[in-house]
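# Sequence and predicted structure below; questions after.
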Amino acid sequence: MREFSDDNDPAGDPAPTRQGDSPRFGRLLVVLALAILLIVAITLLSETYLA
């Protein structure tokens, strides 16, 4: 039977990340802004069409 203290390299250790691989929050922000503008445009168009 194996002891847990025998493990030098844990299996759940994630791969090391590089400093250059930062998430692209700018692109995510642009997509979020476009989605909000699309919702606003649909709302305004539906109000003018149904009113």
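Arrived safely. From a predicted model like this one, the values you see are computed outputs, not experimental measurements.
# Which pLDDT value does the model give Pro10?
As predicted, Pro10 sits at a pLDDT of 57.
# what's the neighbour count on Ile36?
10 (other Cβ atoms under 10 Å). From N, CA and C alone the C-beta is placed, and that goes for glycine too.
# May I ask which helix or strand encompasses it?
helix 25-50 (DSSP states H and E).
# and that helix, average pLDDT?
Here the average pLDDT along helix 25-50 is 95.
# buried ones in that helix?
Buried residues in helix 25-50, counting neighbours by 16 or more other Cβ atoms under 10 Å, are absent.
# Mind giving me the packing neighbours of it?
Applying 3 or more Cβ pairs under 8 Å, 6 or more residues apart in numbering; DSSP states H and E, we find helix 25-50 packed against no helix or strand.
# From Leu28, how far out is Leu44?
25 Å (Cβ to Cβ, to the nearest Å).
# To clarify, my last question referred to Leu34.
11 Å.
# Over to Ala35?
Taking Cβ to Cβ, one finds Ala35 at 11 Å from Leu28.
# swap in Leu37?
In terms of Cβ to Cβ, Leu37 sits 15 Å off from Leu28.
# Phi and psi next, for Arg24.
When read as degrees, to the nearest 10, the backbone of Arg24 gives phi -90, psi 80.
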